[in-house]
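Could you work out the structure for the sequence below:
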Amino acid sequence: MKAAVIEEQGSVENLVYRDWPDPQIGPDEVLMQVKACALNYLDLEVRRGMPGFPIETPFISGGDMAGVVEGVGTDVTRFKPGDRIVFNPFGRDGMMGEDCQGGLAELAKAPENQVIALPDAVTFEQAAALPVGYGTAHRIMFDRAHVKAGELVLILGAAGGVGTGCLQIAKAIGAKTICASSSKDNLEKLSALGANHVINTAEQDFSREAWAISGKKGINVCVNYIGGETWVPSLRAMAQDGRVVTCGASAGFDPQTDIRYIWTRELRILGANGWTDEGIVWLLEQVAAGEIEPVIDSIFPLSDIQAAETKLETRNVFGKVVLNP
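Numbering: from 1, shown residues only. Below you'll find the predicted structure:
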């Protein structure tokens, strides 16, 4: 098969489209003919090298993939060749594309219990856009923050995959949203996607603006996966009994804090990590029904993997970058 192979960790030039041995499946595994694989920032970190997390090269990254069943092991009972499927990328062997070989290839394999049926109404590209980014957004909004209709949700870094997912899920719940971004172009796109309010963080103090938008009552839920200098302003914008949810720290993982806001407003600080099968199934149902439209920035042939990763690396994207093997 053909695959996008990390020959050694480092620059994008180390990512080569070339021949690779076909995966061999075990009795309980499903072989997927990959039709679409979406990039995440994790793929960049795997290729560049994460501190304390070396990978053995050559290696294939890519965790978000959808396709059709190419073959099944002798113990597989729920799927057969030709079925449309999407993988939950995390399971027995760890995270696909990080702990074990991923989906930036013509073929990929996973245990049957990581395979989810793909509705006919959902395209391969839409399905590949869902598990990591939208799946994390689902876990944030439903399992951790328990967002309710009518609540006010502030989303920082809203133009990213998790951010656009949180926006669309909050809208589906009936919550109101404030989306913050430093890009005027992205803010226009977020408004078109349904954001009730937007804040340009390049020009405005997001904490002060969010407080004003709330009528000085505060925000019910803040999604903050930026950390760093945004942490205390996030706390300052919260309402009584507000929930701050974090699933990352792109601007720093050890910010200063101000616990006065935590005790006086009885705030809840919540972490979110990963996604669930139930969340992915819910998202597929919403997409099939036309309630949620995964935001896809661009689609590349797998042979153009260097251009695709460069586009993501330079943050010149709004939504997901998808590759077709």
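
rest of the way, CA atoms for contacts and neighbours
Fine.

Stretch 317-325: end-to-end distance?
One end of stretch 317-325 sits 21 Å from the other (Cα to Cα, to the nearest Å).

So which bits of it are buried?
Neighbour counts over stretch 317-325 (16 or more other Cα atoms under 10 Å) mark 317, 318, 319, 320, 321, 322, 323, 324, 325 as buried.

per-residue confidence averaged over it?
Mean pLDDT, stretch 317-325: 94.

So which elements touch whichever helix or strand residue 169 is part of?
Taking DSSP states H and E as the criterion, residue 169 maps to helix 161-173. If contacts are counted by 3 or more Cα pairs under 8 Å, 6 or more residues apart in numbering; DSSP states H and E, helix 161-173 sits against helix 135-138, strand 152-156, strand 176-181.

Quick one: find the helix or strand in this structure with the lowest mean pLDDT.
In the chain, no helix or strand scores lower on mean pLDDT, DSSP states H and E than helix 41-48, which sits at a mean of 92.

Residues contacting that one, please?
For helix 41-48, contacts defined as Cα atoms under 8 Å, 6 or more residues apart in numbering pick out 6, 8-12, 15, 55, 61-62, 97-98, 309, 312-313.

And the next helix or strand past it?
strand 64-72.

What mean pLDDT does that following strand get?
98.

so how far is that strand off the chain centroid?
Strand 64-72 has its C-alpha centroid displaced from the chain centroid by 20 Å (Cα atoms, centre = their mean, to the nearest Å).

which neighbours does that strand have in its sheet, and in what orientation?
With DSSP bridges as the test, strand 64-72 is paired with strand 29-38 (antiparallel), strand 84-87 (antiparallel).

Do me a favour and average the pLDDT over the next helix or strand after the last one.
Next in sequence after strand 84-87, counting helices and strands by DSSP H and E, comes strand 90-91. Confidence for strand 90-91, expressed as mean pLDDT, is 96.

Relative to strand 90-91, what are the paired strands and their orientations?
Going by DSSP bridges, the partners of strand 90-91 are strand 94-95 (antiparallel).
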